[in-house]
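[1] next come a sequence and a model predicted from it.
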Amino acid sequence: MFGWLVVNGFLHNNKFDEIPVLFQKAAEKFSVSLRTVQNSEVVINTEGVWFEKKPDFVIFWDKDILLARCLEHMGVRVYNSSDCIDICDDKRKTHLALLREGIPMPETMIAPMTYETVGFTHYDFLDSVEERLSYPFVMKEAFGSFGKQVYLIENREKLIKKIEAVSTYGFLFQEFIEESRGRDIRLQVVGNEVIGGMYRYSETDFRANVTAGGKIRNYEPSEKECQLAVRAAKAVGADFAGVDLLFGKDRPLVCEVNSNAHFKNLMDCSGVNTAEHIIKYVCGKGEG
């Protein structure tokens, strides 16, 4: 089989550049020809995308949704699909997809849409937010990764200041799960299986993300946690995903689903090579 690994052509640092290396090594192990392609190399034109050699599949490790969709329109099997990437890239769409499937989550409210040239002319909608969610609660920008653009809101004054700062980006409000303060679980799903997990924790931040200063260790998830992670991945249409779970009072809760979850940390703490599992999964699917 011959495939592409699509990455972003403008985003380069050690954290991102190590992923293509892991995929290339995994492909070699399973005798798969894999070419790393930057999205900047593949310009969409009136005929779609030009191929020197049409790939049998594409592992899409970027958020260039239009490129992923164009490749699909040209008959290429894309992992994950453009629809999945689109849903996972926007936390509001993720919430709606999980809600549709009855996935347990923290109480969540999506802020109303406004226009960039208008902003919010009043804050009446905050009354219902405060009625349903007690302080402190979490405010998240719709787009963001690595725990960034996530804020803990303690009072109305801080809430309005934060809204004024991000009002045209789109955002949501979410119940703060005190039992999960500074800790969560990242489970890596490939196909219908959880292949590994890690416990993330922070002694200084309400977020457990490593980029925000959190630490990690290997985690052996329960059957209930595995089933929930697989359900969440299916709800967004993911072939593979990193599913973040919170420690709810009575049960685990899904926090987020990541279509392009950075998996080097999981490999470092557990030895699980996600790239190998994804290559095996794609080979098992053939061309679609």
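    Thanks, I have the structure now. Numbering: from 1, shown residues only.
[2] chain center to stretch 73-92: distance?
    In this view, stretch 73-92 has its centroid 12 Å away from the chain centroid, taken as C-alpha atoms, centre = their mean, to the nearest Å.
[3] repeat for stretch 253-265
    Its chain's average C-alpha position is 5 Å from that of stretch 253-265, according to C-alpha atoms, centre = their mean.
[4] can you pull the buried residues of that stretch?
    Counting neighbours by 16 or more other C-beta atoms under 10 Å, one finds that the buried residues in stretch 253-265 are 253-265. (Each C-beta comes from the backbone N, C-alpha and C, glycine too.)
[5] go on, stretch 86-106?
    Within stretch 86-106, the residues scored as buried using 16+ other C-beta under 10 Å are 86-95, 97-98, 103-106.
[6] what segments of the protein are helices?
    Secondary structure of the chain, counting by DSSP state H: helices at 14-29, 65-73, 82-89, 91-100, 125-132, 156-166, 223-235, 264-270, 274-285.
[7] what's the closest of those helices to Ser40?
    Ranking the helices of the chain by distance to Ser40, with C-beta to C-beta as the measure, places helix 65-73 first at 10.0 Å.
[8] now do that closest one: which elements does it pack against?
    Helix 65-73 sits against strand 57-60, strand 77-79, helix 82-89, with contacts defined as 3 or more C-beta pairs under 8 Å, 6 or more residues apart in numbering; DSSP states H and E.
[9] low-confidence regions, this structure specifically.
    Applying pLDDT under 70 to the predicted model, the residue ranges of the chain that meet it are 146-147, 212, 285-288.
[10] now do 50
    Along the chain, segments meeting pLDDT under 50 span 287-288.
[11] bridging residues for the residue positioned nearest the centre of it?
    Central residue of the chain (C-alpha atoms, centre = their mean): Asn258, 1.7 Å from the mean position. With DSSP bridges as the criterion, Asn258 is bridged to Gly242.
[12] contacting residues for it?
    Taking C-beta atoms under 8 Å, 6 or more residues apart in numbering as the definition of contact, the neighbours of Asn258 are 88, 145, 241-244.
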